[in-house]
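1. Model the following, please.
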Amino acid sequence: MDDCSDESSKKAAEQQTEDHQSRDYGGFASLPTDVLISILCRSPASDHTSLRNTCKSFRTTIDSAAYKGERATSGWAEVSTHLVSGEELYDRENLNGPEDVSLSDGDVDEDATEEERAAALQWKIAGKRLGEIIEYYSELGYIDEDYGYHDITVDVVVDGERCGSIDLVLFPRGDHHNYPFHDAADAQSSELQMVGVRLFDSVGRLKVRSIKNAELISGEAGKGGFLHIKTVRINEAYQPMDCTNIVSEAVRSALSEPKLDGKWTLVTAISDYQVYMTKKEMEFKRKIRYSEGGNAEEKERADKRFWECALLDTKTLLRVGFKQIAETVSQKQNPYWLFALPSFLNDPIKSFEEVNQMALIEPPDLPPEPIGVDGEILQATSGYCIAMRQILDMVRTLKLDLDKTEQNSSGDLAEMERQFAESRTSIEEGKPDTLSDERWEEIVAQVERGEEMLRVHRDTIEEMVQSQRDKIRNKIDVQMPGAVEEFQKVVIALVRKGGSIRKSHAIHCCSRFRITQHIDFLIDLVPPEERAQALSSWDACGLTPLHCVVIDTPVISDRDEYLEFVERLLGLGADTNVKSAKGVTPIGQYRLTISEKFDYNNIFGMQIGDEPAEWRPFHRKMEGLLRPYRGETDADVEAKCAVLDNDVDPNVMEQGGDAVEDVWMDDDEGEDADADNEDVDMEGDDESDNEDDEEEE
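-> Next comes the predicted model:
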């Protein structure tokens, strides 16, 4: 009975308080919700707590999504950020503290009390926690133990409440160009690996002109800390009607965090549709993507919304002060890449109307994908080119195996024949007096058995070699002509149905696979007045046939095939001056491809049998063939491969040519390092001499 009485009294008191508040503030509380929101939204965030406690109507209004949206759109919302320290991050990820901590023998005395044991355990837990924080975290967040980059989390706070976060990654490139940038970027994520290869060389120096041109001091963005925005996630209530105010202020605040001051010289970001797409829209998009529902109209609507959100994020970054990276613009409906320097953040945040008037750098209009009969020609060409490529690759593999077999077997047979010849000579000289007749007969029989085994071995090798030659001959004399004949029949039939070789981009496809058996046939089917255009026009990817030849990473064993195909296209009239959608001529595309090859090899240490010295003769020939007679574009020049053009290893420092060490230096260590250069060089020479001696042995 007493409990029921207390509960009734409590409810009565609450009701009395509500009635009192309603009487005192009845004028406001009775206002329509939209009017009340417009009045309250001008109040500072510091008053929200007291306003919530005023009455139920105020509390409901302030906590509503409509109120938050009005604060965001009207500009009254107060936005701030907080960089989560490593210690805070550790405690968030380990809510129950370190795992697997228990007392062991020697931690406490045998006669310790329960209180003493509990205190000892807490002391041990605290010690392990501190050790893990020191090893894996810093004041900026998580720190990678191999490459020293920081994964940074910044909390977004709106009107005093945490409503989202921004994830960044910071790479400490330093000032001495000895940081293994591509290795670190690849270890961080696939997105950073893509950014690293596209924008930087292997030690983090810039490759793109648009960023270099924006530098106040030449080279400043190519050294020091590099920052990349990975994700931005903010409560969708603060983004009503795609309002970009809160996200813009949050990103600017995050980049201006005091702990990051002086830590970075360049920040990049790739537009992300998820910043503005609501949960409901994301769920619908996933259903459409995995064919769980939705008709053509719904799919079109989902795609349209996808790009609207990506464009909104781009405009958000432009408001913050970012600029587009022109070199990354290639095809429509690709994410926008943007960058900012610290000086860009000195100006006020731009208005949405202001950035709406800014013209984005857009890719050129590309030819449409072939459809109808032209699409059938392209599909047939692709299928037969793939089949022919497989045959050619098999022939190459068989030839390599045949050469290896002949080389190895010839050496083995020669050595065996020499040994048995010596044995036969000794037998023909007669039995030595020191040997018994029985022993002599054993030796003679052993030599005769060996000679017979040699004959069998020779016959086996000859059969093996002949079998490999027959396989090669079958593919060259039977399979390849058969595939060519079948392909020609199919294409001729499609051309008679009204198909166009030029519009089908079949020549581009053939060039991509380097199928010389098809190229002449396809050209003959093009009307003479269209041949120049067919050999130098873009396909749906913005590439000419010459670009298509060199866009795939070449293999050293196929170098002659690449050169022959380029020579064939040039002989037919292909133009080396035509730029692709990326703004590079074929020579620039070749340089991009070969640079990415050596960057990739350098990341994974795949240099054996593929050293720059093997490539340079091929490189010089290819450069000579592809050089545009009207001159190289800026993009062509920027794409030059440092490894092959400068005869230097990508892992060599600029200063003095000293080899880069695995451990990079922080900026504040530069003076000490310079002072010790002579000692380091002498030690390096000794180590180099020792390595040379080991290689000779």
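2. Any stretches of the stretch 151-300 of the chain with poor pLDDT?
-> Counting by pLDDT under 70, the stretch 151-300 of the chain has low-confidence residues at 290-294.
3. can you give me the strands in it?
-> 161-172, 225-234, 266-270 (DSSP state E, counting those that start in this stretch).
4. quick one: buried residues of the first one?
-> Of the residues in strand 161-172, those buried by neighbour count under the rule 16 or more other C-beta atoms under 10 Å are 163-172. C-betas here are computed from N, CA, C, even on glycine.
5. Nearest to Asp242, out of the strands of the stretch 151-300 of the chain?
-> Shortest distance between Asp242 and the strands of the stretch 151-300 of the chain, using C-beta to C-beta, is found for strand 225-234: 12.6 Å.
6. Could you please name the strands that closest one pairs with and the direction of each pair?
-> Sheet pairing of strand 225-234 (DSSP bridges) gives strand 161-172 (antiparallel), strand 266-270 (parallel).
7. With distance to Leu227 as extra columns, can I get those strands in JSON lines?
-> JSON lines is the format used below for the strands paired with strand 225-234 (distance: least, C-beta to C-beta, whole Å):
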{"stretch": "strand 161-172", "distance to Leu227": "5"}
{"stretch": "strand 266-270", "distance to Leu227": "4"}
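8. Nearest to Leu192, out of those?
-> strand 161-172 (6.6 Å).
9. how far does that closest one sit from the chain's center?
-> Put simply, strand 161-172 sits 20 Å off its chain's centre (C-alpha atoms, centre = their mean, to the nearest Å).
10. For it, C-alpha coordinates in CSV please.
-> C-alpha atoms of strand 161-172 as CSV (Å, rounded to 0.1, in the frame of the first residue of the first chain):
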residue,chain,number,x,y,z
GLU,A,161,25.5,17.0,-29.0
ARG,A,162,27.6,14.5,-30.9
CYS,A,163,25.9,13.8,-34.2
GLY,A,164,28.5,12.2,-36.4
SER,A,165,32.2,11.7,-37.2
ILE,A,166,34.8,12.3,-39.9
ASP,A,167,37.5,9.7,-40.5
LEU,A,168,40.9,10.9,-41.8
VAL,A,169,44.3,9.3,-42.5
LEU,A,170,47.6,11.2,-42.2
PHE,A,171,50.8,10.0,-43.8
PRO,A,172,54.1,11.5,-42.4
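11. Leu103: neighbour count?
-> Neighbourhood size, Leu103 [other C-beta atoms under 10 Å]: 13.
12. Tell me which residue lies nearest the centroid of the protein.
-> Computing the C-alpha centroid of the chain and ranking residues by C-alpha atoms, centre = their mean puts Met194 first, at 2.2 Å.
13. what about that one, distance to Ala66?
-> 40 Å (C-beta to C-beta, to the nearest Å).
14. Check Glu596 too.
-> Distance from Glu596 to Ala66, by C-beta to C-beta: 50 Å.
15. And for Lys489?
-> Relative to Ala66, and taking C-beta to C-beta, Lys489 is found at 68 Å.
16. any idea how far stretch 573-593 is from the chain center?
-> Taking C-alpha atoms, centre = their mean, one finds stretch 573-593 lying 23 Å from the centre of the chain it belongs to.
17. thinking again about what came up before, compare Lys489 and Ala66 and say which is more crowded by neighbours.
-> Ala66 (14 against 10).
18. Kindly tell me how buried the closest residue to that one other than its chain neighbours is, as a neighbour count.
-> Nearest residue to Ala66, sequence neighbours excluded (C-beta to C-beta, 6 or more residues apart in numbering): Ile37, at 6.0 Å. Using other C-beta under 10 Å, Ile37 has 20 other residues around it.
19. returning to what we had before: for Ser409, state which of the buried residues of strand 161-172 is nearest.
-> Closest to Ser409 out of those is Phe171 (52.7 Å), distances taken as C-beta to C-beta.
20. before we move on, the earlier item: CSV for the buried residues of strand 161-172, including distance to Thr381?
-> Listed next are the buried residues of strand 161-172 as CSV, based on distance: C-beta to C-beta, whole Å:
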residue, distance to Thr381
Cys163, 54
Gly164, 50
Ser165, 49
Ile166, 47
Asp167, 45
Leu168, 46
Val169, 43
Leu170, 48
Phe171, 44
Pro172, 49
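21. does Ala185 really touch Arg198, like I thought?
-> No: contact criterion C-beta atoms under 8 Å: Ala185 and Arg198 do not qualify, at 10.3 Å.
22. between those two, who's got more neighbours?
-> Ala185 (28 against 17).
23. if we can go back for a sec, so what's the residue nearest to Ala66 up against?
-> Taking C-beta atoms under 8 Å, 6 or more residues apart in numbering as the criterion, Ile37 is in contact with 61, 64, 66-67, 70.
24. run the last query once more with 7 Å
-> 61, 66-67, 70 (C-beta atoms under 7 Å, 6 or more residues apart in numbering).
25. Closest one to His228 out of the buried residues of strand 161-172, please.
-> Val169 (5.2 Å).
26. what's the closest non-adjacent residue to that closest one?
-> Closest to Val169 by C-beta to C-beta, 6+ apart is His228, at 5.2 Å.
27. Tell me the secondary structure at Gln446.
-> Look at Gln446: counting by DSSP: H, G, I helix; E, B strand; the rest coil, its state is helix.
28. The residue lying farthest from the centre of the chain and Glu422: what is the separation?
-> Relative to the C-alpha centroid of the chain, counting by C-alpha atoms, centre = their mean, Asp433 is the outermost residue, at 79.1 Å. Using C-beta to C-beta, Asp433 is found at 20 Å from Glu422.
29. for Ala112, same thing?
-> In this view, Ala112 and Glu422 are 85 Å apart by C-beta to C-beta.
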